[in-house]
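Enquirer: For reference, the sequence and a predicted model appear below.
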Amino acid sequence: MSRSSYIKIFLILQSFNFLTPSIGQELDCDVKVITQKVTGVDHVVFKTLEQNLSDILNATKWTDNKNNAKEKIACTFLLIIEGVPNENSYQASVQVQASRPVFNSSYITPLLNHKDKQITFSYLPNEAFHYEGVGKNKELVAVAAYYAYLILGLDGDSFSRLGGTSYFKKALDISVQQGQGLSNDGWSTSEREINRYWMVEDLLNYKELRESIYNYHREGLDKMVTEPREAIENMLESIKDLAKVHQKSSDVAAMHMFFDAKANEITQSTLVLPPEKRKEMYDLLGTIDPGHLGIYKVLE
């Protein structure tokens with residue numbers, strides 16, 4: 001394949017940017033509380049909640065690192081209020097996205113694109129609302145802290161081999177603390193599912209997956225400008241390596257999380273390959289990530 005074809009891949013990917021970095025502590029998180037489904041509640045409450053969440057995610061010092069504005073991790077945290085079963089009690093879902101820049105380019109690559117449907121929390125605007133450290137926290141505070149550490153871990157893994165370990169461990173500690181005595185919520189350990197506990201448990205247990213995350217970003221995307229041929233080959237090899245994880249278990253929550261973020265990007269990267277290589281990737285992706293087969297169909 002010609003150099004121009006590899007460059008075309010990169011130009012196509014640039015059209016898929018969905019987040020732009022700005023300023024924060026470690027995180028630059030755009031927080032929104034969505035309330036279209038709610039009636040009978042003073043919406044000033046939700047504006048206060050939105051500010052409280054923004055303060056937690058953007059003003060908390062999550063690490064000991066010294067970051068400048070350009071090193072902040074761009075993310076979004078959309079809290080969608082689904083219902084109000086009791087006064088000051090809420091049922092909600094959260095859509096969390098995060099991204100990081102690609103070296104020597106304006107392209108921003110997604111790290112996380114996950115919808116969490118299992119949140120029930122209480123909230124009073126005049127109550128203290130801040131992260132207490134690993135231990136029992138208010139439910140929504142714990143959810144926000146969990147995703148802060150998950151984002152930091154994914155970002156760390158994308159820049160250095162297994163670089164997110166300490167953050168994943170903190171996310172797991174939060175999950176274990178919050179999940180004590182619970183059997184059917186986002187912290188549950190009782191049954192394998194795509195929830196908060198199993199996503200970080202899998203990331204810590206399946207190092208092959210995390211090695212693939214590193215190779216995909218550092219050996220792949222980050223070399224796209226300077227070494228496009230090697231970059232795309234490394235990206236696709238990292239996807240093939242995920243078959244080893246699939247062979248161990250076909251139900252790894254962190255694999256689902258990875259492909260939720262990367263399915264479109266992988267497809268666009270593969271589209272300009274020769275037909276036989278496209279078909280090879282289509283067959284592989286259909287095996288290890290059947291949930292996004294509708295996206296991959298264009299490769300067939």
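Expert: Yep, it's here.
Enquirer: Strands of the stretch 151-300 of the chain, start to end?
Expert: Remark: no strands are assigned in the stretch 151-300 of the chain by DSSP state E, counting those that start in this stretch.
Enquirer: Kindly report the same for the stretch 1-150 of the chain.
Expert: Using DSSP E, counting those that start in this stretch, the strands found in the stretch 1-150 of the chain span residues 27-34, 73-86, 89-101, 108-122.
Enquirer: I'd like the average pLDDT over stretch 202-215.
Expert: For stretch 202-215, the mean per-residue pLDDT is 97.
Enquirer: nope, stretch 265-284 is what I was after
Expert: 92.
Enquirer: tell me which residues of that stretch are tucked away?
Expert: 265-270, 272-273, 278, 280-282, 284 (16 or more other Cβ atoms under 10 Å). Placement of C-beta: from N, CA and C, glycine included.
Enquirer: what do you get for stretch 190-204?
Expert: The neighbour-count check on stretch 190-204 (16+ other Cβ under 10 Å) flags 194-204 as buried.
Enquirer: got a list of contacts for it?
Expert: Identification of contacts with stretch 190-204 by Cβ atoms under 8 Å, 6 or more residues apart in numbering yields 114, 116, 118, 143, 146, 150, 153, 157, 164-165, 168-169, 171-172, 175-176, 179, 183-189, 209-210, 251-257.
Enquirer: now the end-to-end length of it.
Expert: 18 Å (Cα to Cα, to the nearest Å).
Enquirer: Tell me the gap between that stretch and the middle of its chain.
Expert: On the basis of Cα atoms, centre = their mean, to the nearest Å, stretch 190-204 sits 14 Å off its chain's mean C-alpha point.
Enquirer: Looking at the buried residues of stretch 190-204, which are in helices?
Expert: In this view, the buried residues of stretch 190-204 that belong to helices under DSSP state H are 196-204.
Enquirer: Okay, now the unreliable bits of the stretch 151-300 of the chain?
Expert: Within the stretch 151-300 of the chain, the ranges that satisfy pLDDT under 70 run 181-184.
Enquirer: If we use 90, what do you get?
Expert: Scanning the stretch 151-300 of the chain for pLDDT under 90 picks out the ranges 177-186, 188-193, 228-229, 232-233, 269, 271-273.
Enquirer: And for the stretch 1-150 of the chain?
Expert: By pLDDT under 90, the weakly predicted segments of the stretch 1-150 of the chain are 1-25, 37-43, 64-71, 118, 125-130, 132-137.
Enquirer: could you redo the last one with a cut-off of 50?
Expert: The stretch 1-150 of the chain contains residues with pLDDT under 50 at 7, 16-24.
Enquirer: before we move on, back to that, can you redo the ones in helices among the buried residues of stretch 190-204 as JSON lines with distance to Gln91?
Expert: Converted to JSON lines, those look like this (distance: Cβ to Cβ, whole Å):
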{"residue": "Arg196", "distance to Gln91": "16"}
{"residue": "Tyr197", "distance to Gln91": "20"}
{"residue": "Trp198", "distance to Gln91": "21"}
{"residue": "Met199", "distance to Gln91": "21"}
{"residue": "Val200", "distance to Gln91": "23"}
{"residue": "Glu201", "distance to Gln91": "25"}
{"residue": "Asp202", "distance to Gln91": "26"}
{"residue": "Leu203", "distance to Gln91": "27"}
{"residue": "Leu204", "distance to Gln91": "30"}
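Enquirer: quick one: which of these is nearest to Asn58?
Expert: Nearest to Asn58 among these, counting by Cβ to Cβ, is Arg196 at 20.7 Å.
Enquirer: In helices only, show me the buried residues of stretch 265-284.
Expert: Those of the buried residues of stretch 265-284 mapping onto helices are 265-270, 278, 280-282, 284, per DSSP H.
Enquirer: Could you work out the most separated pair of these?
Expert: Spatially, the most separated pair among these is Glu265 and Glu280, at 18.1 Å (Cβ to Cβ).
Enquirer: re earlier: dump the ones in helices among the buried residues of stretch 265-284 to JSON lines, plus distance to Val134.
Expert: Listed next are these as JSON lines, based on distance: Cβ to Cβ, whole Å:
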{"residue": "Glu265", "distance to Val134": "33"}
{"residue": "Ile266", "distance to Val134": "34"}
{"residue": "Thr267", "distance to Val134": "38"}
{"residue": "Gln268", "distance to Val134": "39"}
{"residue": "Ser269", "distance to Val134": "38"}
{"residue": "Thr270", "distance to Val134": "41"}
{"residue": "Arg278", "distance to Val134": "46"}
{"residue": "Glu280", "distance to Val134": "44"}
{"residue": "Met281", "distance to Val134": "41"}
{"residue": "Tyr282", "distance to Val134": "43"}
{"residue": "Leu284", "distance to Val134": "39"}
